[in-house]
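*Asks:* next come a sequence and a model predicted from it.
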Amino acid sequence: MRKFSRMHKINCAGSRFAAGIRALGIFFYCRVKQYLHTIQPQQAESLPPLSSRLRTGILLRFALLAVSLFVVFSLLWRHVYSLQISRHVEFDEKALKVYRSYGNLPAQRGRIFDVSGNILACDLATYDILVEPKRFTRFLPEVLELSEQYLGLDRHELMPRLTQALRYRFPCLAIDQMDAESAGVLQAEKLPGVEIVPCKAGRTSFFKVLFYPQGIHEKQCREIIESLSRYSEDCAKTLPAKVENALNRQREIPLKFNAPMDSAKKFIAAVKRHRIPGIRAVETWQRSYPRDNQLANMLGYLDSERIGISGIESMFNDIMMPVSGKIEIRRDRLGRPVEDGVVVISPPSNGADVFLTICEPLQQIVEEEMMALMEQFSPDHAYALMMNPATGAVLAAAQFPQFNPNDRNTMRNEVLPNHALYKCYEPGSIMKGISVSCAMENRVVRLNSMYYCEQGHWRYGGRTLRDTHNYAEMTVAQIIQKSSNIGAAKIALDMGEEMLYKGLASFGFGKPTGLGFYPAEQPPRTFANESPGMFKNLKSWDTLTVTRMPIGQGISATPWQILQAWSSLANGGVMMQPYIVDRIAFPDGKIVHSVPKVKAVPLSRETTTLITEALKMVTEQGGTGTRAAVEGYTVAGKTGTAQIWVNGDPEKKIKGHYSNSKHFSSFIGFAPAENPAFILLISAEYPKGPFRTGGMVCGPTFKRIAKRTLEYLQIPATLPTEDETEGKASGNVAKR
């Protein structure tokens with residue numbers, strides 16, 4: 001279309017030129033004829049006829065005039081042809097640069113929502129305020145006042161920044177390469193504003209010469225250029241232009257990044273009223289997390305280039321990144337935009353939106369109740385992970401301590417990582433539910449099988465294993481209920497090392513969970529560098545391993561691995577793949593859903609039904625987790641209190657050992673036990689205070705979260721409450 005337009009212009013120009021030549025020829029013909037009639041009229045018979053010589057002279061003069069005109073118009077035609085046709089493209093491009101410019105149409109980064117569409121991360125339109133202090137030196141007091149009034153900046157902190165920018169010196173590269181000998185001679189001259197630096201850091205064989213002309217008198221500047229010309233011939237030719245450019249350059253610095261739109265507009269309006277030059281506002285986007293700390297470690301954050309570097313922001317950075325549009329702006333010769341002078345060349349394209357499986361109301365419940373745990377026990381780290389065991393969809397995930405991605409001051413190195421995915425712990429007694437279910441699956445024991453628990457003190461393999469109480473004969477169900485270490489170890493001995501190893505491996509220990517996004521016809525997206533935990537190969541087992549691993553020692557796992565393994569107990573033996581992204585919505589309207597995926601089937605439904613009966617006893621009278629019981633509902637779960645391993649220090653002559661004061665306390669359970677709506681893990685690393693057991697530290701928090709969750713999901717109670725029991729009892733008394 002553009003080529004056709006140019007050809008049309010050329011044809012029109014050629015036609016106009018030819019018409020002009022014809023008109024000019026007719027004009028001169030008429031003038032010559034009129035002149036001949038004037039000097040020799042046809043009616044003047046009395047006048048003598050012109051001589052042939054005179055006629056020849058007249059004709060020659062007219063011929064000469066015609067030839068001259070022809071040459072002039074030929075040259076003019078050639079010049080016009082060159083301008084209009086030969087160099088048309090060149091001049092057209094130069095003209096376009098004058099009256100046409102280009103700009104970008106900003107686009108938004110993809111948003112993050114919960115499963116119901118509640119927004120968790122989005123872009124807010126803001127302005128970056130940029131200033132050139134040299135251009136408003138005499139307006140400096142006004143700029144300070146307006147910045148404080150509209151942008152909330154402290155004038156005492158702003159003044160040094162502006163002063164530093166005013167004093168900034170722009171360097172000129174005078175000589176790009178100089179040998180060491182010449183550099184030494186030049187250094188000895190001590191020319192003002194001249195700096196000699198190595199061409200490459202750490203190498204002193206060649207040097208480059210920089211010249212800072214700011215603050216140097218014009219005459220002295222010329223003398224310095226002459227001195228430098230002795231070392232380089234090109235210096236005299238190129239350096240004056242560089243000096244002039246450096247003296248005219250303005251240093252632009254940011255006054256404020258991501259200023260709110262209202263404040264920025266008021267500030268710019270005030271600047272225009274005062275006619276202050278050198279200040280401009282650039283429209284940009286700021287990443288905002290409306291719920292501040294909530295789910296911060298899972299969502300992640302962006303760097304200064306708006307690139308996701310952790311969490312969901314990093315996992316989907318490639319499809320969440322926006323593509324800016326391009327516009328053409330046409331102006332008149334005075335630089336003013338013309339009517340309909342903005343043409344969209346390419347429209348902007350927003351990034352894809354990510355919908356998590358997270359249920360924001362449940363996330364709010366979890367975080368509120370975990371804050372109470374943090375205030376009471378002040379653990380180093382604490383976790384609360386909730387999942388739907390039937391699908392593997394994550395309903396809530398909280399980690400403490402937290403940070404606020406809206407406030408960079410809270411983003412300390414120790415709180416930024418997603419510790420639930422990367423940090424491993426010895427699970428402690430919550431492993432007993434897994435190891436005993438392996439024994440039941442292989443028909444090694446039944447719930448009523450009896451074991452002697454050695455009165456709480458048992459020596460095996462040269463080491464002593466203890467229980468918290470002096471238990472004697474106990475059934476397998478009671479071993480789980482009372483959390484007997486000795487009973488669980490003896491069950492594992494009856495299984496044998498190979499059977500125990502294969503059983504635990506079937507739950508995914510020793511491998512990353514692969515938490516992420518699992519679409520049907522595309523490769524999955526998972527969190528990078530997730531820890532696989534520590535699950536020793538069978539060949540590496542020693543005599544004690546078979547008795548320690550079933551009680552949660554000698555094996556380490558992330559909280560997500562523990563939750564994944566336990567989900568099979570709550571889901572009839574089927575272990576689903578955990579995922580946290582429900583769907584991706586692309587700008588073109590395409591939606592890609594995550595599909596629930598069976599990861600393994602480590603247990604049969606019969607085994608899970610039996611083990612659930614034992615786990616329900618944990619929260620009933622006589623169990624270690626009674627504080628986790630929810631009134632009106634059956635809860636199956638297990639407490640865990642693992643001693644934290646302390647590494648040895650040869651210099652202090654300290655051997656590696658399990659600490660008696662530092663513990664990893666946990667409670668994991670699901671409710672209602674017969675048809676679980678969720679499975680929930682509560683963990684606390686090194687809780688402070690008199691209590692350290694999983695039942696005391698984590699049980700009450702599990703209870704509060706589970707109760708509020710069941711109420712939110714509107715799951716009816718299956719057991720009579722205390723009020724209903726008292727009402728029935730009083731009714732029976734009245735009957736009597």
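*Replies:* Now that the structure is in, tell me what you want to look at. Numbering: from 1, shown residues only.

*Asks:* drop to CA atoms for contacts and neighbour counts, all remaining ones
*Replies:* Fine.

*Asks:* what residue is smack in the middle of the chain?
*Replies:* Residue closest to the average C-alpha location in the chain (CA atoms, centre = their mean): Gly308, at 2.0 Å.

*Asks:* look up phi and psi at that residue.
*Replies:* Torsion angles at Gly308 (phi, psi; degrees, to the nearest 10) stand at phi -70, psi 130.

*Asks:* which SSE is immediately downstream of the lengthiest strand in the chain?
*Replies:* When the chain is parsed with DSSP state E, its longest strand is strand 657-671. Next along the chain after strand 657-671, taking DSSP states H and E as the criterion, comes strand 678-685.

*Asks:* and Ala372, what element?
*Replies:* Following DSSP H and E, the helix or strand that holds Ala372 is helix 360-377.

*Asks:* CA atoms of that helix as PDB?
*Replies:* Backbone C-alpha positions of helix 360-377 (Å, rounded to 0.1, in the frame of the first residue of the first chain) are rendered in PDB as follows:
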ATOM      1  CA  GLU A 360      -8.800 -17.500  49.900                       C
ATOM      2  CA  PRO A 361     -11.200 -17.700  52.800                       C
ATOM      3  CA  LEU A 362      -9.500 -20.900  54.000                       C
ATOM      4  CA  GLN A 363      -6.100 -19.300  53.500                       C
ATOM      5  CA  GLN A 364      -7.300 -16.400  55.700                       C
ATOM      6  CA  ILE A 365      -8.500 -18.800  58.400                       C
ATOM      7  CA  VAL A 366      -5.200 -20.700  58.300                       C
ATOM      8  CA  GLU A 367      -3.100 -17.600  58.600                       C
ATOM      9  CA  GLU A 368      -5.100 -16.100  61.400                       C
ATOM     10  CA  GLU A 369      -4.900 -19.200  63.500                       C
ATOM     11  CA  MET A 370      -1.200 -19.700  62.800                       C
ATOM     12  CA  MET A 371      -0.500 -16.200  64.000                       C
ATOM     13  CA  ALA A 372      -1.800 -17.300  67.400                       C
ATOM     14  CA  LEU A 373       0.600 -20.200  67.400                       C
ATOM     15  CA  MET A 374       3.500 -17.900  66.500                       C
ATOM     16  CA  GLU A 375       2.600 -15.500  69.300                       C
ATOM     17  CA  GLN A 376       2.300 -18.300  71.900                       C
ATOM     18  CA  PHE A 377       5.300 -20.500  71.000                       C
END
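
*Asks:* show me what it packs onto, helices and strands only.
*Replies:* strand 381-387, strand 394-400, helix 699-712 (3 or more CA pairs under 8 Å, 6 or more residues apart in numbering; DSSP states H and E).

*Asks:* what about 7 Å?
*Replies:* strand 394-400, helix 699-712 (3 or more CA pairs under 7 Å, 6 or more residues apart in numbering; DSSP states H and E).

*Asks:* residues in contact with the longest strand of the chain?
*Replies:* 570, 634-647, 676-686, 692-695, 697-699 (CA atoms under 7 Å, 6 or more residues apart in numbering).

*Asks:* now do Ile329, the pLDDT please.
*Replies:* The model reports Ile329 with a pLDDT of 78.

*Asks:* give me the neighbour count for it.
*Replies:* Look at Ile329: counted by other CA atoms under 10 Å, it has 18 neighbours.

*Asks:* quick check on the contacts of strand 657-671: which are buried?
*Replies:* The neighbour count (16 or more other CA atoms under 10 Å) marks 570, 634-645, 676-686, 692-695, 697-699 as buried among the contacts of strand 657-671.

*Asks:* still on that earlier bit, chain center to the longest strand of the chain: distance?
*Replies:* How far strand 657-671 lies from its chain's middle: 33 Å, per CA atoms, centre = their mean, to the nearest Å.

*Asks:* and what of stretch 120-136?
*Replies:* 20 Å.

*Asks:* may I have that stretch exported as CSV, CA atoms only?
*Replies:* C-alpha atoms of stretch 120-136 as CSV (Å, rounded to 0.1, in the frame of the first residue of the first chain):
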residue,chain,number,x,y,z
LEU,A,120,-3.9,-12.1,44.9
ALA,A,121,-1.5,-10.2,42.7
CYS,A,122,-2.0,-7.6,40.0
ASP,A,123,-0.5,-4.5,38.3
LEU,A,124,-1.4,-1.0,39.4
ALA,A,125,-0.9,2.0,37.1
THR,A,126,1.7,4.4,38.5
TYR,A,127,4.2,7.0,37.4
ASP,A,128,8.0,7.2,37.6
ILE,A,129,8.9,10.9,38.2
LEU,A,130,12.2,11.7,36.5
VAL,A,131,14.1,15.1,36.9
GLU,A,132,17.1,16.9,35.4
PRO,A,133,18.3,19.2,38.3
LYS,A,134,20.5,21.3,36.1
ARG,A,135,17.5,22.6,34.2
PHE,A,136,15.6,23.9,37.3
